[in-house]
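K.L.:
my questions concern the predicted model and sequence given below.
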Amino acid sequence: MFSALHCRHAALTVWLVCIGYGTALGSDLTGRDGAPMVLIKAGRFSMGSPPDEKCEYDTLARTEFCIQVRDADYAPQHGVALSAFFLDQYEVTYARFEKFAQEANYRSTVETKGTKSAMRETTGFLFRKQWRRVEVDQADWRTPQGSTVASSAERKSHPVTQLSWHDADAYCAWAGKRLPTEAEWEYAARAGTTSKHWWGEEGPGTRPVGNFADRQFKEAYGGDVDFDGYEDGHADTAPVGSFEPNPWGLYDMAGNVQEWIADWHSVTYYRDSPAENPRGPADGNEKVKRGGSWLSYQELKTRSSQRPDNSDDHTGFRCARDAT
């Protein structure tokens with residue numbers, strides 16, 4: 001693992017993140033949105049599930065199951081070589097997306113098509129109140145759970161959610177960037193490590209490494225916790241950069257919100273993936289999402305997917321850019 005050194009030149013107000021594989025861009029080279037980026041140098045890594053893996057813990061079903069992992073969509077593990085690229089240091093916030101929507105006069109596709117889901121309190125068996133995921137027609141990026149609370153001033157530094165893949169793609173294009181590929185995202189999230197999580201093989205203990213389903217989540221929504229004894233202080237999203245960065249200086253690569261990826265999803269893609277700069281299948285029905293969220297943690301290898309028109313209150317994004 002590499003250590004991160006944060007250096008600031010006060011006169012220029014430029015942040016530099018001196019890390020083992022790259023350096024953050026100065027504020028004059030971040031793109032139209034002004035978001036700081038980290039240079040991820042070219043390299044190779046092993047992508048996907050290790051060959052000796054037998055059992056999996058399903059974070060959604062909250063149970064362990066043992067299968068031939070080789071048949072899962074994050075197998076087989078395969079070597080990937082990547083060219084250098086830049087990646088946003090933080091997930092895109094409400095404030096940045098709001099600026100884009102105003103300057104570009106952009107209307108989210110979520111307002112006109114697709115389904116929108118969110119955690120809402122509902123009436124269950126024997127009129128018992130419970131929280132569960134439901135479709136919320138009035139939700140959008142300003143009000144991701146269908147209320148005005150999420151777009152209030154204190155939430156402007158939180159990651160923006162309730163966006164379709166098309167919305168994320170449009171923002172990155174406006175900023176002079178693009179969505180990262182799946183291989184780029186996993187390479188950057190692993191940050192030179194080969195363990196299950198970027199901080200190691202086991203749970204984080206009390207180390208503040210990310211925003212997951214913790215006691216606050218359980219008290220607010222009645223769900224289970226991801227890591228016993230871990231508390232992040234947030235029932236749902238947290239301001240970006242609230243927790244430790246990974247060894248390459250990237251924040252929230254393990255939690256807070258899942259992130260839209262450029263690639264189409266295919267359960268068999270890893271079997272045929274190119275060895276250099278894979279870009280995903282040529283077409284498909286769903287787009288890849290990566291990373292865990294405040295709702296459910298996912299390991300670095302784990303892949304999720306969703307139709308590009310749809311949105312929810314636990315998925316956001318960050319942008320990438322070629323280094324050449």
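P.N.:
Thanks, I have it.
K.L.:
hey, let's count contacts and neighbours off CA atoms from now on
P.N.:
Fine.
K.L.:
quick check: phi and psi on the residue lying closest to A139 once chain neighbours are set aside?
P.N.:
Closest residue to A139 apart from its sequence neighbours, by Cα to Cα, 6 or more residues apart in numbering: G146 at 4.2 Å. Main-chain dihedrals, G146, degrees, to the nearest 10: phi 80, psi 20.
K.L.:
can you verify my assumption that G146 contacts V134?
P.N.:
No: counting by Cα atoms under 8 Å, G146 sits too far from V134 to count as a contact (11.1 Å).
K.L.:
do you have the strands of the stretch 151-300 of the chain handy? List them.
P.N.:
Counting by DSSP state E, counting those that start in this stretch, the stretch 151-300 of the chain has strands at residues 258-264, 287-290.
K.L.:
given the last one, what are its sheet partners and their directions?
P.N.:
I take that to be strand 287-290. Strand pairing for strand 287-290, determined by DSSP bridges: strand 258-264 (antiparallel), strand 303-306 (antiparallel).
K.L.:
looking at the first one now, give me its mean pLDDT.
P.N.:
Throughout strand 258-264, pLDDT has a mean value of 98.
K.L.:
now do the last one
P.N.:
Per-residue pLDDT values over strand 303-306 give a mean of 95.
K.L.:
hang on, the earlier thing: just the strands paired with strand 287-290: most buried one?
P.N.:
strand 258-264 (a mean of 26; mean count of other Cα atoms under 10 Å).
K.L.:
dump the residue contacts of G233.
P.N.:
Contacts for G233 (Cα atoms under 8 Å, 6 or more residues apart in numbering) come out as 214, 216.
K.L.:
residue ranges with poor pLDDT in the protein?
P.N.:
1-29, 53-71, 122-131, 148-152 (pLDDT under 70).
K.L.:
mind listing the helices for it?
P.N.:
For the chain, the helices defined by DSSP state H cover 94-103, 165-174, 182-190, 215-221, 269-272.
K.L.:
from what I can see S311 touches Q162, true?
P.N.:
Yes: using Cα under 8 Å, S311 is in contact with Q162, at 4.9 Å.
K.L.:
who touches both of the two?
P.N.:
Common neighbours of S311 and Q162 (Cα under 8 Å, 6+ apart) are 110, 116.
K.L.:
coming back round to it: out of G146 and V134, which sits in the more crowded spot?
P.N.:
A count of neighbours by other Cα atoms under 10 Å puts G146 above the other of G146 and V134, at 22 against 16.
K.L.:
ok, now which ones touch the more buried one?
P.N.:
Contacts for G146 (Cα under 8 Å, 6+ apart) come out as 136-140.
K.L.:
now swap in C172 and tell me
P.N.:
178-179, 319-320 are the contacts of C172 under Cα under 8 Å, 6+ apart.
K.L.:
can you redo the strands of the stretch 151-300 of the chain as CSV with distance to K99?
P.N.:
Listed next are the strands of the stretch 151-300 of the chain as CSV, based on distance: least, Cα to Cα, whole Å:
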stretch, distance to K99
strand 258-264, 20
strand 287-290, 24
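K.L.:
please name whichever of those is nearest to D52.
P.N.:
strand 287-290 (22.6 Å; Cα to Cα).
K.L.:
mind listing residues that contact the closest one?
P.N.:
With Cα under 8 Å, 6+ apart, strand 287-290 has contacts from 165, 182, 185, 258-265, 302-308.
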